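Enquirer: model the following, please.
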Amino acid sequence: MKQLLFLLALFISSFTSYSQTFVDTTKRWNVAECSSGPFGVMCLPVSYKLEGDTTIGSNLYKKLYKTSDTTLTSWTLNGAMRDSAQMVYYHNLFGEYLLYNFAANVGDTIKPISFCGNNYLIVDSVDTVIVYGQLKRRLIFNFPSCGYVEEWIEDFGSKHGIINELLVNGNLVSDFGEDLLCYWQSDTVKWINQVYNNCYFITVGIEEQERSISLTVFPNPVSDFAIVRLYGQKVGWNWTLYNSIGQPVQLIENISDSQLRIEKGILTAGVYMYQVRTENQILSTGKFMIK
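Expert: The predicted model follows:
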């Protein structure tokens, strides 16, 4: 009898993992937006969240907001989303697009595209992966002639960002790309991109600056306090510290020296990420541990 109840519970749990709604206001996505320019590739992190209801036509949506503000206080409306069964729709305030079909199978055509000489977005393979202890359906689309792979994972979407240009307009913008960095639900990191291993990945893309700017945090791990030393920038820089789920926990602005002392204070033990910037430029990012 106990074995039967266990199998029943396992079955219900597996079914639940496939039937959870995609459009959920407890979720948040961090995405690296990268663009090419005369000085190389620049990548900056942006965050997406769902909040509030809106009706467009006869359909009810959740509003989709986006921000590049590291304090997560200033958000801009970026469209709206709704789901029905395993279909997810995105409205960019001009028109609605089928963003995901997690029920699709191998050989199914999702939509016409204009990318890399291919005419359709066709499912190449389907399998399951474990995300935070739960089985999730994964769909893979290969573009071997371009070396590009599109991958959808049920519950949080494309590994190229929640709103991938390929999914909306069927093409990719020249000299622009996106990668999902982290996915949260209820303030818990459910998935992190192992390629970056950083929820706030940033590159400035300017070789001269990379050679002239460097930063050290000592000691690491931190017990009581640490000294942050910035080489190559003497005044007018800002320090932001993030906890392991990407929330800003410390902000010090307009620092007038090349050295900064930070206290452990009320910060709990764990891994922290930092960002150092001027008003217009990211100078350095990294992470350290507090004991």
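
Enquirer: thought residue 251 was touching residue 238?
Expert: Yes - using C-beta atoms under 8 Å, residue 251 is in contact with residue 238, at 7.4 Å. C-beta here means a position set from N, CA and C on the backbone, and glycine is covered the same way.

Enquirer: who has more neighbours, those two?
Expert: residue 238 (16 against 12; other C-beta atoms under 10 Å).

Enquirer: what is the neighbour count of the residue found closest to that one once you drop the neighbours it is linked to in the chain?
Expert: Spatially, and ignoring its direct neighbours in sequence, residue 238 is nearest to residue 253 (4.6 Å; C-beta to C-beta, 6 or more residues apart in numbering). Residues near residue 253, counting by other C-beta under 10 Å, number 11.

Enquirer: residue 253 and residue 276 touch, don't they?
Expert: No - counting by C-beta under 8 Å, residue 253 stays clear of residue 276, with 11.3 Å between them.

Enquirer: intersection of neighbour lists for the two?
Expert: Shared contacts of residue 253 and residue 276, defined by C-beta atoms under 8 Å, 6 or more residues apart in numbering, comprise 238, 239.

Enquirer: before we move on, back to that, pretty sure the residue nearest to residue 238 belongs to a strand, no?
Expert: Yes - applying DSSP: H, G, I helix; E, B strand; the rest coil, one finds residue 253 inside a strand.

Enquirer: relative to residue 226, how far out is it?
Expert: 19 Å (C-beta to C-beta, to the nearest Å).

Enquirer: and for residue 271?
Expert: With C-beta to C-beta as the criterion, residue 271 and residue 226 are 14 Å apart.

Enquirer: bridging residues for the closest residue to residue 98 other than its chain neighbours?
Expert: Spatially, and ignoring its direct neighbours in sequence, residue 98 is nearest to residue 89 (6.0 Å; C-beta to C-beta, 6+ apart). Per DSSP bridges, the residues bridged to residue 89 are residue 82, residue 98.

Enquirer: what bridges to residue 135?
Expert: Counting by DSSP bridges, residue 135 forms beta bridges with residue 130.

Enquirer: tell me where the model's unsure across the stretch 151-291 of the chain.
Expert: Confidence mapping of the stretch 151-291 of the chain against pLDDT under 70 gives the ranges 173-174, 197, 202-213, 232-235, 244-246, 279-282.
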